[in-house]
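J.: Dropping a prediction and its sequence here:
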Amino acid sequence: MQSEQTFPDRPASSFSLVLRVVLTSAGLYFGIIVAFLLGYQLFFLGRIFPHVSVAGVDVSGLTVAAANQKISDSVHFPETGKITINYGDQSWSATPNQLGFFLDPQSSAKAAYLVGREGSLPAMLAEQLGAWRYGRDVSIAIIYDERTAFQNLGHIASTIDFAPIEASITLNGTDVQVNSGQMGRQVDLYTTLATIGHQIQTLQDGTVNLVVMDMAPSIMDVSAQAATVNQLLSQPFSLTLPPNQPDQIGPWQFEPSMLAGMLEFTKVAQDDKLTIQIKINENGLRAYLANLSSNIALSPQNPRFIFNDTTKLLDLKTPAVIGRALNVEKTVQAVELAIATGQNSAELAFDFTDPPVTNQMTGAQLGITELIHEEVSYFTGSGAPRAQNIKTAGEKFLGLLVAPGETFSMGNALGDISLDNGYTEALIIYGNQTIKGVGGGVCQVSTTLFRTAFFSGFPILERHAHAYRVSYYELTAHGRDPSFAGLDATVYFPLVDLKFKNDSPYWLLMEVYVSLSRQTITWKFYSTNDGRSVQWHTTGPTDVVPAPADVFRENPELKKDEIKQVEWKAEGADITVNRTVMKNGSVYFEDSYYTQYEPWGAVCEYGPGTKPIPTTCP
């Protein structure tokens, strides 16, 4: 039987032994490296690591202060370097210092010292190893003095820069002159200085091109506007009324020379661009329109009607006038639009106002349904001039309307009594004498109106009698009737007026007819009878004063032995007329009219050389 063989125990395996040797060696190696690194760090504590330079200046092993000094002693480029600046065929030379760039050795030394001392531990060790093996050159630090840089480079720019020239239009009288736009240029200081800075960082002399920007004017071309101005000044500029106006006056024109003085050229933004806009001086235009406005304004006027006695309807005689007032601001806008587009005319803008009565209104709507009173006066024996004036004045009132509650002024309705308005010279009472004057005979019209309002029962608010009794105003179809004395009325507007009030709830239509053949004036009131009637009584002439003796005077305009009576005698007298207005059987109101007539002497005139001088008027 074979017995088991036994072996003695080994102290350790060979693997374990090797492992121990390796670990021991590694630990020893690691310890040596750590000791080396620690020694390396301690050795260069406060000093720059090896193989580090600043702009080629070796500062290895130096303190920051020592490196600062070495850099200062070694680098003189900012003081001695030469930077040439070119633009076209021009060039300028300057040192970096003159261009505002200065050496900063302190910052450069600190930057060198920080090599291998920033970041994580592995990063710092890697940077130290890289510097050791390959070297590390740190860019030199430059101080940039912006004020010095801009001041010195600005001297160069001042010889290059020029502003762009805007296109413009000027006027020499009516001659249009075009000034074309021109490009400008400007040195780009920031970009140029950045380029210079890059060159200086190389610490080498070099050439830098000046960076210059083209500067376009905001407005380069105004030829279109110039053509518009030429069109505007080729003929007068006209202001016109809108169509369908009743008068169609105008146009009002600005001659080219006047318009040229009012034109203005203004820069405005259009489609994100500047352009020249042609305008007119608004203050001057407003002043012109303000003066014009009163001359072209129209007050709203009711239409005029004739009452058709057969149909009992209103027939239109004269259409209504729509009131208009010049709207200055809208007119200014219209003119500005025309000017801007080269049009030679613009339409005036108005605010329109309708009158209370329109052409389409009926008598039923207005309360004009019947004749409420008619009055006739006679001017038998009147000369042609007086008769003409009566007819001219009477026509002013034909078809005229008086509103309910309105105070009617004869003077306002009559208007200006002048030769231009169809009147002629005839005898009038002026002061204490009868003389020739424009409109003699108009008082025949006012007297007739007074009597029509009086007998219609309307309140009379203003009435003035003549200075003396005038025979015309007491005439009837059968001769003179003294009972009409005290029922006359004179008008000398605006000092003397005749006024009455339409105190009824209905409109009042007046119709006036003058017959030159019968020498009568007929005044009619159409409205609706509201139940009023008139009772009146006159005292007749009282306290009669005889007329003074006839007066004779020479008139150089008369011929020899020619005698002409210019005034007629009239007795003075006091007269009171009382009126009671009844309404539906009751007293509505009462009034009275007191008149004191002066005694009036006859006056006769004779031509030079008349013999014998007459003693009584014919």
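T.: Ah, there it is. Numbering: from 1, shown residues only.

J.: And the pLDDT at Gln343?
T.: pLDDT for Gln343: 94.

J.: Which secondary structure state is assigned to it?
T.: On the three-state scheme (DSSP: H, G, I helix; E, B strand; the rest coil), Gln343 is labelled coil.

J.: and what of Phe150?
T.: Classification of Phe150 using three-state DSSP returns helix.

J.: Name the nearest residue to it, sequence neighbours excluded.
T.: Once flanking residues are discounted, Phe150 sits nearest to Leu189: 6.1 Å by C-beta to C-beta, 6 or more residues apart in numbering. All C-beta spots, glycine's among them, are computed from the backbone N, C-alpha and C.

J.: Please report the number of neighbouring residues for that neighbour.
T.: When counting by other C-beta atoms under 10 Å, one arrives at 17 neighbours for Leu189.

J.: Tell me the first helix or strand C-terminal of whichever helix or strand Cys443 is part of.
T.: If you go by DSSP states H and E, Cys443 is part of helix 442-456. The element immediately downstream of helix 442-456 (helix or strand, assigned by DSSP H and E) is strand 460-462.

J.: about what we covered before: average pLDDT for the helix holding Cys443?
T.: 95.

J.: Just the CA trace of that helix, in CSV.
T.: Output of helix 442-456 as CSV, limited to C-alpha atoms (Å, rounded to 0.1, in the frame of the first residue of the first chain):
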residue,chain,number,x,y,z
VAL,A,442,-89.4,154.3,-49.6
CYS,A,443,-91.5,155.7,-46.8
GLN,A,444,-94.6,155.0,-49.0
VAL,A,445,-93.6,151.3,-48.6
SER,A,446,-93.0,151.6,-44.8
THR,A,447,-96.3,153.4,-44.3
THR,A,448,-98.2,150.7,-46.2
LEU,A,449,-96.5,148.0,-44.1
PHE,A,450,-97.2,149.8,-40.9
ARG,A,451,-100.9,150.0,-41.8
THR,A,452,-101.1,146.4,-42.8
ALA,A,453,-99.5,145.2,-39.5
PHE,A,454,-101.7,147.8,-37.6
PHE,A,455,-105.0,146.6,-39.1
SER,A,456,-103.9,142.9,-38.9
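
J.: chain center to it, what's the gap?
T.: For helix 442-456, the separation from the chain centroid amounts to 49 Å (computed by C-alpha atoms, centre = their mean, to the nearest Å).

J.: With stretch 407-422 instead?
T.: Distance of stretch 407-422 from its chain centroid, counting by C-alpha atoms, centre = their mean, is 37 Å.

J.: who's in contact with that stretch?
T.: 388, 392-393, 396-397, 400, 402, 423, 438-439, 442, 446, 449, 461, 491, 493-494, 496-502 (C-beta atoms under 8 Å, 6 or more residues apart in numbering).

J.: what secondary structure does the most centrally placed residue in the chain sit in?
T.: With distances taken as C-alpha atoms, centre = their mean, Glu329 lies nearest the centre of the chain, 4.6 Å away. Assigned by three-state DSSP, the conformation of Glu329 is helix.

J.: again with Asp543
T.: Secondary structure, three-state DSSP: Asp543 is strand.

J.: list the contacts for the residue lying closest to it once chain neighbours are set aside?
T.: Counting by C-beta to C-beta, 6+ apart, Asp543 lies nearest to Asp574, which is 4.6 Å off, once chain neighbours are set aside. Contact analysis of Asp574 by C-beta under 8 Å, 6+ apart lists Thr539, Pro541, Thr542, Asp543, Tyr594, Thr595, Gln596, Tyr597.

J.: Leaving out chain neighbours, which residue sits closest to the first one?
T.: Put plainly, it is Thr539. Spatial nearest neighbour of Thr539, excluding adjacent residues (C-beta to C-beta, 6+ apart): Thr576 at 4.7 Å.

J.: Also the third one?
T.: The spatially closest residue to Thr542, leaving aside those adjacent along the chain, is Asp574, at 5.1 Å (C-beta to C-beta, 6+ apart).

J.: follow-up on the earlier one: how much space between the residue nearest to the centre of the chain and Glu282?
T.: Glu329 sits 10 Å away from Glu282, going by C-beta to C-beta, to the nearest Å.

J.: Start from the N-terminal end of the stretch 101-250 of the chain and give the helices.
T.: 105-113, 121-134, 146-160, 189-201, 223-232 (DSSP state H, counting those that start in this stretch).

J.: separation between Asp188 and Leu153?
T.: Distance from Asp188 to Leu153, by C-beta to C-beta: 10 Å.

J.: Looking at those two, which is more packed in?
T.: Set Asp188 next to Leu153 and count neighbours by other C-beta under 10 Å: Leu153 wins out with 22 against 14.

J.: contacting residues for the more buried one?
T.: Leu99, Gly100, Val187, Leu189, Thr192, Leu193.

J.: One more: Met213?
T.: By C-beta under 8 Å, 6+ apart, Met213 lies in contact with Arg185, Gln186, Val187, Asp188.

J.: Quick one, which of those are buried?
T.: For the contacts of Met213, a burial check counting by 16 or more other C-beta atoms under 10 Å picks out Gln186, Val187.

J.: coming back round to it: can you tell me the SS state at the residue nearest to Thr539?
T.: Secondary structure, three-state DSSP: Thr576 is strand.

J.: If you tally nearby residues, what's the number for the closest residue to Thr610 other than its chain neighbours?
T.: Distance criterion C-beta to C-beta, 6+ apart; nearest residue to Thr610, sequence neighbours excluded, is Asp561 at 4.9 Å. Asp561 has 11 neighbouring residues, counting by other C-beta under 10 Å.

J.: Just to be sure, Asp561 is in a strand?
T.: No: per three-state DSSP, Asp561 lies outside any strand segment and is coil.

J.: residues in contact with it?
T.: Asp561 neighbours (C-beta under 8 Å, 6+ apart): Tyr606, Gly607, Gly609, Thr610, Lys611.

J.: Pull the most distant pair out of these.
T.: Gly607 and Lys611 (10.8 Å; C-beta to C-beta).

J.: Compare neighbour counts for these two and give me the winner.
T.: Gly607 (16 against 7).

J.: Pull the contacting residues for that one.
T.: Neighbour list for Gly607: Glu554, Asn555, Pro556, Glu557, Leu558, Lys559, Lys560, Asp561, Glu562, Ile563 [criterion: C-beta under 8 Å, 6+ apart].

J.: so what's it closest to, chain neighbours aside?
T.: Once flanking residues are discounted, Gly607 sits nearest to Leu558: 3.4 Å by C-beta to C-beta, 6+ apart.

J.: Just the element for Ala346, please.
T.: Assigned by DSSP H and E, Ala346 belongs to strand 345-347.

J.: Residues contacting the helix or strand following that strand, please?
T.: As assigned by DSSP H and E, the chain's next helix or strand after strand 345-347 is strand 350-353. Strand 350-353 is contacted by residues Pro242, Pro300, Ile322, Gly323, Arg324, Ala325, Leu326, Asn327 when judged by C-beta under 8 Å, 6+ apart.

J.: And Asp561, how far from Pro614?
T.: 10 Å.

J.: pLDDT on the longest helix belonging to the chain, on average?
T.: Counting by DSSP state H, the longest helix found in the chain is helix 14-43. Averaging pLDDT along helix 14-43 gives 76.
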